[in-house]
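> Sequence isn't available, so here's the structure alone:
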């Protein structure tokens, strides 16, 4: 199992917000945002593990600003931290007004994925290697969240 760098896990998705994606106010539906976020994060997890992966948890889903019908949602994800069989993926969504070019941060979340073997059981994943100062900070913060999740599940 070869360790991988964070940049090996980068994914960027673009999605045009259409009328069926919005509520009565013309804002994108939260469930649609969550679906797209899960898809983007899954692709980073696949690129890292190169196995089947499943979503294990979503931490700190923040909706910061509404994305509007006609906006272009830009989703960016990468692996922040790896445990034995799990990976924390950070996802950031920005929305772009295609007429003005204005960009704004609309939501962020941390998702945990687990690598699954052919028998449906968790299996090991490569370590992620942070290279830049930002990646190292995200790795350290991801390790703290990993420990908090583990402790919370032990109590549960």
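Nice, thanks for sending it over. On a predicted model such as this, the values are computed, not experimentally measured, just so you know.

> Checking my notes, residue 74 in a strand, right?
Yes: judged by DSSP: H, G, I helix; E, B strand; the rest coil, residue 74 forms part of a strand.

> Pull up the gap between the closest residue to residue 22 other than its chain neighbours and residue 110, please.
The shortest distance from residue 22 to any non-neighbouring residue, by CB to CB, 6 or more residues apart in numbering, is to residue 69 (4.7 Å). (C-beta placed from N, C-alpha, C; glycine too.) According to CB to CB, to the nearest Å, residue 69 and residue 110 sit 28 Å apart.

> who has more neighbours, those two?
residue 110 (22 against 16; other CB atoms under 10 Å).

> Quickly list what that one is bridged to.
residue 59, residue 90 (DSSP bridges).

> Read off the pLDDT value for it.
On the pLDDT scale, residue 110 is placed at 96.

> same deal with the one 10 residues further on?
In this model, residue 120 is scored at 95, pLDDT.

> cool, and residue 61?
pLDDT for residue 61: 87.

> What's the local residue count around it?
15.

> what do you get for residue 148?
For residue 148, the neighbour count with other CB under 10 Å is 11.

> Am I right that it sits in a helix?
Yes: membership of residue 148 in a helix is supported by three-state DSSP.

> Please report the distance of it from residue 32.
Relative to residue 32, and taking CB to CB, residue 148 is found at 28 Å.

> Would you map the strands across the protein?
Along the chain, counting by DSSP state E, strands occupy 4-5, 11-16, 52-63, 72-82, 86-96, 103-116, 128-129.

> Could you identify which of these has the lowest mean pLDDT?
Looking at the strands of the chain, the bottom one is strand 52-63 with a mean of 92.

> thinking residue 36 is in contact with residue 77, fair?
No: Residue 36 lies out of contact with residue 77 (CB atoms under 8 Å); the separation is 10.4 Å.

> what's around residue 111, how many residues?
Each residue near residue 111 was counted by other CB under 10 Å, and the total is 25.

> thought residue 104 was touching residue 93?
No: between residue 104 and residue 93 there is no contact under CB under 8 Å: 9.9 Å.

> more crowded one of the two?
Of the pair residue 104 and residue 93, residue 93 is the one with more neighbours under other CB under 10 Å, namely 26 against 14.

> The nearest residue to residue 43 once chain neighbours are set aside pairs with what?
Excluding the flanking residues, the one nearest residue 43 by CB to CB, 6+ apart is residue 11, at 4.5 Å. For residue 11, the beta-bridge partners under DSSP bridges are residue 77.
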